[in-house]
Structure formats: C-alpha cells, structure tokens
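J.: Turn this into a structure:
(one chain, ligands or ions: 2)
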Amino acid sequence: MPGTDKVLATVDGRTLLGHALAATAFCDRVVVVGPRPPDLDAPAATDLRFTRETPHFGGPVRALRAGLAAIDRGEEYATPSDDDVVLTVSADLPFVHENALRSLVGALRSREADAVFATDGAGRVQYLVGAWRRGALQRGVAAALDGVDDTMERGPSVRAALPQATATLALDDVEDVDTPEDLAAARTRAERLPDLDRARRAIRARLAPLPSRRGRPSDHSGGCLADPMVAARPFPHFDTSAMDGWAVAGPGPWVVDDRVVVTAGAGGTTAVADGRAVRIATGAPVPVGTTVIRDEFTVRSGADLRRRPDAPVRDDARRVGEDWALGAVLAPVGHPITPALMSTALSAGVETVSLRAAPRVDVVLSGDELSDLVDPPPGAIRDTVGPVLPQYLRWCGLDPVSTRRCRDTDDDFDAALADGDADVVVIVGATGFGAADPLAGALARAGARPIVRGLACRPGGSTSVSVTPSGRLVIGLPGNPFAAVATACAILPDVARALTGGRAPRRQYGLPAHPISSSPVTRLLPATTTVDGRWRVADSVRTAHLAALVDCDALAAVSPGREPTDAVEIVPLPPR
Ligand SMILES: Nc1nc2c(c(=O)[nH]1)N[C@H]1C(S)=C(S)[C@@H](COP(=O)(O)OP(=O)(O)OC[C@H]3O[C@@H](n4cnc5c(N)ncnc54)[C@H](O)[C@@H]3O)O[C@H]1N2
Ligand code: MOO
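T.: Ligands and ions are numbered 1, 2, ... in the order given. Okay, the predicted model is just below:
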C-alpha cells in the first residue's frame, strides 16, 4: 500500500499492528520486525522487542532472520531448543485472533511437520502466518539467504525457506489487507452486525476455554472432556455369558451336571470336565475351557444335552476385551459429558476424567419496573424471565448458580459486572446501545472487550457478548422475554462449548411445511413439527411474553437470501 504505513491503518478502532500484538500477547516473547510506533494501542506480550531487518524493506526472509536474532538477545533465555515453537504473523490481519494462532501451535505439536501454515477462507496458504519448529526456521532462513547479497533489494520469498515437512490448517479470519480496497472491505465488515453464524464463530474463535480439572463424569453434566476418555478396563473385563443356557466343555454331546449352576455375580472358578455341561445365567462368569450355548439351541433328554441340528455353532459368551481393550479411546477430547458418556465411563472403570465443567453463571435481571407481586403496582410488571431463565441456561450447557435483580443505575450495573466469582454474567434487559444505556456504559467503564455487539437478527438485535479484563464473560440479552429466551437458545450453546473446549453444537435443519419468505435480517420464529417431519413456522411473534413457546417444538432461524421452500435452521428448545 504505497504512501501509507499499512500496519498503522486502523480497523475496528485498532491499528493492524495492534491486532497482531493482541493476538500474540499469549506468547512468551514477541519480536516486531519494524519501527516501534509512538503508542501501542493493544495489550501485548510482556517481553516485547523491536528490531529492523537489513536492509530495511529487504523482504520477509530477511525480516525472519532479524526476528530470530532478536529472540535470542539477552541472558534470560537460557536453553533455546530446536523444538521451540516460533509463530510468524504478518501485521496486516485485522481479524486475526489468539485462538487461531494457538491452534497453529497445537497442530504443529500434534503433527509430524516442521511448519504448519494457515489457509484462509479462499483456500490460499498464508506462508506468513505459521508455526515453525525453531531449528527448521533457522535452517530454512539460512538456506534461502545462502548466496543472497544484502545489497539485493527485495530478497527471496518465504517459500524459499520452507522445510520439507509442512502442513496447513484452515483458519477463519486470516484474510490479509494488501490494497486500499481490502482495507475498506475490512472496515465495512468490522462495522456490519454479525448474523447468527458469524456471531457464533466469533464466540468460538475468541473465547478461551476455562481451566480443566479432574472430576467424575457423573458429577459434571454439561461439561466437556479436556482429554480423550481412555478405558481403564477392557470390556467385558471377564468372560461373561451373554445368554441363559449351558456352559459346555468339548464339542458335544454333553452330560449334564445338575449339581452346578453358574449365576451372575458368582465369584471363584467353576471347573467343568470335558464332555460336561452346567447351567449358566446371562451375565455369569464363563467357566475356564467352556463355551456357552443358549437354551433355544439345545435339546435335553435326561442327562444328555445336544445342539439342535439346525442351530448355528457359536459361542454365546462375551469374551474379555471383545467390545474394547484396555487403553481404547472411548470418547474424543471436547466430547460433551452426556448420560451415555457417564455410563460408558462406569463400564470402562474410568473413575475420573480431565474435564471442563459447565460454566457457572450469575443471572442478573435488570429493570426498575420488575416486581414479584401477583398484582404489580402501577407501571410495574411481573418478572417472567428470572424464574425460568436458569432452566433454559441449563438446556444450553451452562450452570446457573445465582439469580438477582439490578436497578437501572450505573452503580448497580457496575456491581453486577464486578461482584461474584461466576465465569459468566448473563444480564437481561438494558441492552440498548444508547450512550446513556446502563449496560453499554458499565461495560465501557469496566474496560470490557466486545466480542459481539449486536446481531443481525430479530428478535435479539441488541444482544452483546463481552469479556472483562478479569476474564469474566458478560452476556447482554434483550429485555423482552421472548427475545431473551430465543437469543439465549440460539447462541449460548456455542458459548458453553467455547468455554468448555467442546465441539461446536451440531446444527439442525428442517424443511418448511409451507413457503417462508425471508427478510433482510435473520428471524427467530416459533416452529412446530408436522406429521411428515416438516416444520410449520409462525410468520411473526409477540415478544413481551413466552406464550408463543407454549405448544411449540423449536425455533426456526430464517436467514435472509434463501428461497421460500429452502430448509431453515432449527434451534432446539427444551422438549415440551
Ligand atoms: N427506539 C428503539 N427502541 C427499542 C428497540 C429499537 O430498536 N429502537 N428495540 C426494542 C427491542 S426489539 C427490544 S428486545 C428491547 C430491548 O431493550 P432492552 O434490552 O434494553 O430491554 P428493556 O428495555 O430493559 O426491556 C424491554 C422490555 O422487556 C420487559 N422486560 C425486561 N425484563 C423483563 C423480565 N425479567 N420479565 C418481564 N419483562 C421484562 C421490559 O419491561 C420492557 O417492556 O428494546 C426495544 N426498544
Ligand atoms: O430483541 Mo427485540 O430483540 O426484537 O424483541
């Protein structure tokens, strides 16, 4: 971008350099190859250094050479290792975020590559956004500059420095700004309200998972696994009869030994001599050296037992490790802790797992008009959200731990953000964006960083998601009860999964039972199933109460630009 210092151009109120510094603030040490600007407008790593490449503007590989040299300057970095991870980040990525860079580091650690590069939304490899093994970067830079004279102007490209083993990782939000048009497009994008999908992506990309700990799966419904769940016992862990029948030794016919019956729960060992058969129950341990034959496959006459001529020859036993072996991976990292997972843990002898528990939420109902009286005084209304929102939050994978009221004063809002130790504060009402609006003001005073400031969605347009400097997430839900609940069900499952390190919730889609026209923004509308599995979607909704959710199966998220008979996203609600 001739005539301008590109890295000092601003998008979303921050310089491009500032976006890069904020995204790399988690690193142990950051080197900026370029001039130090008069002010830094973003939080940055504590150990932040500036250096210049020789010659100035001598191209990316010389910049990498200068950066590598500056990393090692100073005493404190005692044991540099070839396996240290060096991230390279160009300072022209207005939407780059820490989590994207962390996932590059994660990919480098988990793969057999010497460098992992980002690919952008168009599938282009961004060679300046990568995680390298330090030794590979050093060797690559040396090889690329071998025989290159420092008087040569532009120098080689990063491709000349690539190691043999490279990998790529598709990442959101690594589009670079190369032209004034790119810059204008980035500024427009930063101003545009996100639709549901973009808001969910921003939530998942920008929220760091909570710390993990060990716990019993059965105590942590709503949490997610922080490590894969690995079987501590094979299944079954002893040979078990799968049927009521006979434990038989040898090929048959057999002589029945009626003195012995092996039942489920029987300890010890039962000896069965060759040619003998003993009764065995489903779930009983199979005597050594026998197979099991179910009753239906046998004929008995006196002490003589035979296989029916038409019965298949098979062992009706479950043998040790037949379903899984000791050490088998039974659920991947990020899997939600469901009743099925809890039960599987019990089957596999897994007492505790590494997990992230459902995020704890303080619920705050704002509004001077709210009342608990059956007959509220003039101008007041009954609080119809507070008593039920916790149930919806649990449905979304969150753990509501407190509910309280907040008056429409700055002091009360400041306290609502500051008090308590929950991971998340959900505030209902007062979400308008006016300058005098209590929530926006309180967020600004607290220095909260916005992640979502409004949605291109109705209801829910004034929804906000922000993070306070202490790391607490603040979610502003619009005050109208239907708006609050619909927005919660549409985005909070993504919040819960982001904070627990879980996978994105699986979206469901359904075909409409009748044409549904779209509007310029996404609409969240009550939907009911029909007998043929299609969806009947209301064409409008009253938002001041939840009556529309009575006799309703789900919400339809009707997005703009679809054809009237195209599928709509179905946002699940607690079953009626
Ligand atoms: N000039 C404009 N005004 C409004 C707009 C707009 O675009 N321009 N949007 C409207 C929409 S849509 C909504 S939703 C609300 C969102 O405003 P707030 O989040 O600031 O919510 P409040 O003003 O505090 O409350 C809105 C409404 O809901 C009632 N309410 C709030 N909490 C409860 C509760 N716990 N139980 C029952 N009812 C509750 C409150 O009394 C208000 O009637 O803004 C519109 N205005
Ligand atoms: O958010 Mo209001 O969000 O349309 O009822």
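
J.: From now on I want contacts and neighbour counts done on CA atoms only, so please keep to that.
T.: Noted.

J.: Which helix or strand contains the residue of the stretch 251-400 of the chain found nearest ligand 2?
T.: Residue nearest to ligand 2 within the stretch 251-400 of the chain: residue 385 (13.4 Å; C-alpha to the nearest ligand atom). Assigned by DSSP states H and E, residue 385 belongs to no helix or strand.

J.: how about it, what does it touch?
T.: 365, 481 (C-alpha atoms under 8 Å, 6 or more residues apart in numbering).

J.: Show me which residues of the protein are close to ligand 1?
T.: Within reach of ligand 1 by C-alpha under 6 Å from any ligand atom, the chain has these residues: 365, 367, 382-386, 429-432, 459, 478-481, 483.

J.: now with 8 Å?
T.: 365-367, 369-370, 380-386, 428-432, 437, 458-463, 476-481, 483-484, 543-545 (C-alpha under 8 Å from any ligand atom).

J.: In this structure, where's the longest helix?
T.: helix 481-500 (DSSP state H).

J.: what packs against that helix?
T.: On a contact count with 3 or more C-alpha pairs under 8 Å, 6 or more residues apart in numbering; DSSP states H and E, helix 481-500 meets helix 196-206, strand 353-356, helix 389-395, strand 473-477, strand 568-572.

J.: can you pull out the helices in the stretch 101-250 of the chain?
T.: 134-145, 180-191, 196-206 (DSSP state H, counting those that start in this stretch).

J.: Same question for the stretch 401-550 of the chain.
T.: With DSSP H, counting those that start in this stretch as the criterion, the stretch 401-550 of the chain has helices spanning 410-418, 438-446, 481-500.

J.: To residue 68, which of the ones you listed lies closest?
T.: helix 481-500 (33.5 Å; C-alpha to C-alpha).

J.: Give me the average confidence score over the closest one.
T.: Averaging the model's pLDDT scores along helix 481-500 yields 97.

J.: now that helix, how far from the chain's geometric center?
T.: 13 Å (C-alpha atoms, centre = their mean, to the nearest Å).

J.: same thing with stretch 337-356?
T.: 19 Å.

J.: just to revisit the earlier point, filter the residues of the chain next to ligand 1 to the buried ones?
T.: 365-367, 370, 381, 383-386, 428-432, 458-463, 476-481, 483-484, 543 (16 or more other C-alpha atoms under 10 Å).

J.: circling back: save the helices of the stretch 101-250 of the chain as CSV, and put in mean neighbour count and mean pLDDT too.
T.: Listed next are those as CSV, based on neighbours: other C-alpha atoms under 10 Å; pLDDT from 0 to 100:
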stretch, mean neighbour count, mean pLDDT
helix 134-145, 19, 94
helix 180-191, 14, 89
helix 196-206, 19, 88
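
J.: Ok, which of these comes nearest ligand 2?
T.: helix 196-206 (13.1 Å).

J.: and the angle from the closest one to helix 481-500?
T.: For helix 196-206 against helix 481-500, the angle by axes from the mean of the first three to the mean of the last three C-alpha atoms, to 10 degrees is 30 degrees.

J.: So what touches helix 196-206?
T.: 97-100, 451-452, 455-457, 490-491, 494-495, 497-498, 504, 522.

J.: make it 6 Å
T.: 99, 498 (C-alpha atoms under 6 Å, 6 or more residues apart in numbering).
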